[in-house]
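Visitor: Sequence plus predicted model, see below.
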Amino acid sequence: MEWTNLFIHNPSEPLLFHTGIFLFLFSLFLIAYSFIYQNQKVRNISLILFGFYFYYKASGLFLILLIISLSADYIFSKWIHNCKKTKLRKLIFIFGILFSLSFLVYFKYSNFFLENISYLTHNNYILSDLILPIGISFYTFQSISYLVDIYQNKIQPSGFMNYMLYMTFFPHLVAGPIVRAKDFLPQITSATKLNKDNINEAFYLIIKGFIKKAIIADFIAQYADSVFSTPDGFSGTEHLISSLCYTLQIFCDFSGYTDMAIGIALLLGFRLCINFDSPYKSINITNFWHRWHISLSSWLRDYVYIPFGGNKKGFSLQMLFLLLTMLIGGFWHGASWKFVFWGAGHGMLLILHKLILLKFPKKSDKPIFNFVSWLFTFICVSLLWIPFRATSMEETIFIYNKIFTDIEFKYFSAIYFSNTLLIYFLLIGYTITLLPNTIKEFVKKQFYHASIITKFVILAILIQLFLQVKSSSIQPFIYFHF
């Protein structure tokens, strides 16, 4: 690899946490950081510059758009805070939100709207060949939360450098978690603490994330990709296995990224919020959304569901607000009817759960009830991941039809013998995912107390395993596309 490539954006080679080049660059940065981190001003500037570099390697000249968008949002936040006239302050706030959303709407949704207008009016509007800036959905929601919190006087405006660090801190910049200003800004102004416990936790999270993403998710993705790429060439049985693969893949991929992001942030002296809490152990859909992509679900709750009215305006309206919130959550993920369907599906399941609680308010403590409830939740969640991976709503319906009408159990043995390693990875992946917390805590403590040599041996084994099972090309994180 030529040194000049380190300073050139290559869309096919983004700077990913689980690549050797990131490990090399971050190691150099960390060495330099260890000498400057106690100087708050120098530390902040170095983190902002590395964040700019990281985003440039991910999204090229869209870095300019990021800087323009964040600078404008900062100006709006100052205007909102300083304005004493209620009506003018509200007008500035609304304009600031619309300005923030304008970039997201243009790059992510303009073609969707044009396509649907063309269909309804029978006109042939020309679609633009737009490239979606990586991370725009995440940093837009984060900047909106900042403006809302300023408007509601929940936080005070920070200095420009602190605001830029909050928005461009590279561990969360391109794929979350969505960080709240009230949680992150105080860490910028406090003394950075790097102790043994934080370093142990950081390496544990990075290794755990690497196992999830680079070993489990990327390996089973090969089978899921082959089936989803040509759905009409596979049986319902193969589509069922493929859907189970993708259900595990999207969790291991996204939570693996988050684990690495939190671990990297800890090595820099910052703590990001927990984003996943064993979501596939949820015994109902409400519990699932308390555990899955927590930073997004809490954002939707605080900035969409509650402003709608939440549970303060009667049961019927509460159900409507739930559905609308999930539709917005689905549409946030992508400009396609398949994501709207996904959001509607989760919204209807949340409504169903509320209706069940209304009819049966007492929680059953019978193990069989909890198992059936868990199984139903897992099946529903897994089925709703299919539109995430399918290329269209039509393809989604085709796959559903295959799964519900074309499953023959005699083919499972054939799939096992032709894809033995895949089945083993599925079993191991789901076993790890569903392990009791007591076992996970035991493993974590053992890792903390292990010697440096033992930790390096574990890392060496994992790297070797990664090299054995990886596909021909490095797989980007799934949520880079959202």
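Guide: Yep, it's here. Numbering: from 1, shown residues only.

Visitor: contacts, neighbours, all on C-alpha from now
Guide: Noted.

Visitor: Send me the helix or strand residue 218 falls within as CSV with only the CA atoms.
Guide: Under the criterion of DSSP states H and E, residue 218 resides in helix 218-229. Written as CSV, here are the backbone C-alpha positions of helix 218-229 (Å, rounded to 0.1, in the frame of the first residue of the first chain):
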residue,chain,number,x,y,z
ASP,A,218,-19.0,-11.4,8.1
PHE,A,219,-18.8,-15.2,7.8
ILE,A,220,-22.6,-15.8,7.9
ALA,A,221,-23.1,-12.8,5.6
GLN,A,222,-21.6,-14.8,2.8
TYR,A,223,-24.6,-17.3,2.8
ALA,A,224,-27.2,-14.6,3.4
ASP,A,225,-25.8,-12.5,0.5
SER,A,226,-25.8,-15.5,-1.9
VAL,A,227,-29.5,-16.2,-1.2
PHE,A,228,-30.8,-12.7,-1.1
SER,A,229,-28.9,-11.8,-4.3
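
Visitor: next structured bit after it?
Guide: The helix or strand immediately downstream of helix 218-229 is helix 236-267, counting by DSSP H and E.

Visitor: That next one vs helix 218-229, what angle?
Guide: 140 degrees (axes from the mean of the first three to the mean of the last three Cα atoms, to 10 degrees).

Visitor: I'd like the numbering to begin with 51 instead of 1 from here.
Guide: That works, and once the first residue is 51, the last one we named lands at helix 286-317.

Visitor: Can you name every helix or strand that helix 286-317 contacts?
Guide: On a contact count with 3 or more Cα pairs under 8 Å, 6 or more residues apart in numbering; DSSP states H and E, helix 286-317 meets helix 220-223, helix 246-260, helix 268-279, helix 417-439, helix 443-455, helix 460-468, helix 470-483.

Visitor: Would you tell me what the next helix or strand after it is?
Guide: helix 335-341.

Visitor: buried stuff in that following helix?
Guide: Using 16 or more other Cα atoms under 10 Å as the test for burial, helix 335-341 gives 335, 336, 338, 339, 340, 341.

Visitor: after that helix comes which helix or strand?
Guide: As assigned by DSSP H and E, the chain's next helix or strand after helix 335-341 is helix 344-350.

Visitor: just to revisit the earlier point, in CSV: the buried residues of helix 335-341, plus distance to residue 504 and pLDDT.
Guide: Putting the buried residues of helix 335-341 into CSV (distance: Cα to Cα, whole Å; pLDDT from 0 to 100) gives the following:
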residue, distance to residue 504, pLDDT
335, 40, 96
336, 40, 96
338, 36, 97
339, 37, 96
340, 35, 96
341, 32, 96
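
Visitor: hmm, which two among these are most spread apart?
Guide: Farthest-apart pair in the buried residues of helix 335-341 is 335 and 341; separation 9.8 Å (Cα to Cα).

Visitor: rewinding a little: of the helices and strands packed on helix 286-317, which stretch is the most buried?
Guide: For these, the largest average neighbour count (mean count of other Cα atoms under 10 Å) is found in helix 220-223, namely a mean of 24.

Visitor: What is it packed up against?
Guide: Applying 3+ Cα pairs under 8 Å, 6+ apart, one finds that helix 220-223 makes contact with helix 90-109, helix 286-317.

Visitor: just these: most buried one?
Guide: Greatest burial across these, using mean count of other Cα under 10 Å, falls to helix 286-317, with a mean of 24.

Visitor: now it and helix 417-439, what's the angle there?
Guide: Angle of helix 286-317 versus helix 417-439, following the same axes, to 10 degrees, is 90 degrees.

Visitor: what's the average pLDDT for helix 286-317?
Guide: Averaging pLDDT along helix 286-317 yields 94.

Visitor: can the buried residues of helix 335-341 go into JSON lines with extra columns for distance to residue 102?
Guide: As requested, the buried residues of helix 335-341 are exported to JSON lines (distance: Cα to Cα, whole Å):
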{"residue": "335", "distance to residue 102": "38"}
{"residue": "336", "distance to residue 102": "37"}
{"residue": "338", "distance to residue 102": "34"}
{"residue": "339", "distance to residue 102": "32"}
{"residue": "340", "distance to residue 102": "32"}
{"residue": "341", "distance to residue 102": "31"}
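
Visitor: How about the secondary structure of residue 363?
Guide: Look at residue 363: counting by DSSP: H, G, I helix; E, B strand; the rest coil, its state is coil.

Visitor: Tell me how far residue 203 lies from residue 127.
Guide: For residue 203, the distance to residue 127 equals 11 Å [Cα to Cα, to the nearest Å].

Visitor: The two - which one has more neighbours?
Guide: residue 127 (24 against 12; other Cα atoms under 10 Å).

Visitor: Distance check, the more buried one against residue 136.
Guide: Separation of residue 127 from residue 136 (Cα to Cα): 15 Å.

Visitor: repeat for residue 242
Guide: Taking Cα to Cα, one finds residue 242 at 39 Å from residue 136.

Visitor: higher neighbour count, these two?
Guide: Using other Cα under 10 Å, the more surrounded residue of residue 242 and residue 136 is residue 242, with 17 against 9.

Visitor: leaving aside the residues next to it on the chain, what's closest to the more buried one?
Guide: Closest residue to residue 242 apart from its sequence neighbours, by Cα to Cα, 6 or more residues apart in numbering: residue 319 at 5.2 Å.

Visitor: can you list the domain ranges for the chain.
Guide: Per automatic domain parsing, the domain ranges recorded for the chain read 60-242, 247-531.

Visitor: end-to-end on the first one?
Guide: This points to domain 60-242. One end of domain 60-242 sits 34 Å from the other (Cα to Cα).

Visitor: roughly how far is that domain from the heart of the chain?
Guide: In terms of Cα atoms, centre = their mean, to the nearest Å, the centre of domain 60-242 is set 15 Å apart from its chain centre.

Visitor: One more: the last one?
Guide: Counting by Cα atoms, centre = their mean, domain 247-531 is centred 10 Å from the centre of its parent chain.

Visitor: how about the helices in the stretch 101-250 of the chain?
Guide: Taking DSSP state H, counting those that start in this stretch as the criterion, the stretch 101-250 of the chain carries its helices at 112-132, 136-154, 160-171, 186-201, 210-218, 220-223, 231-239, 246-260.
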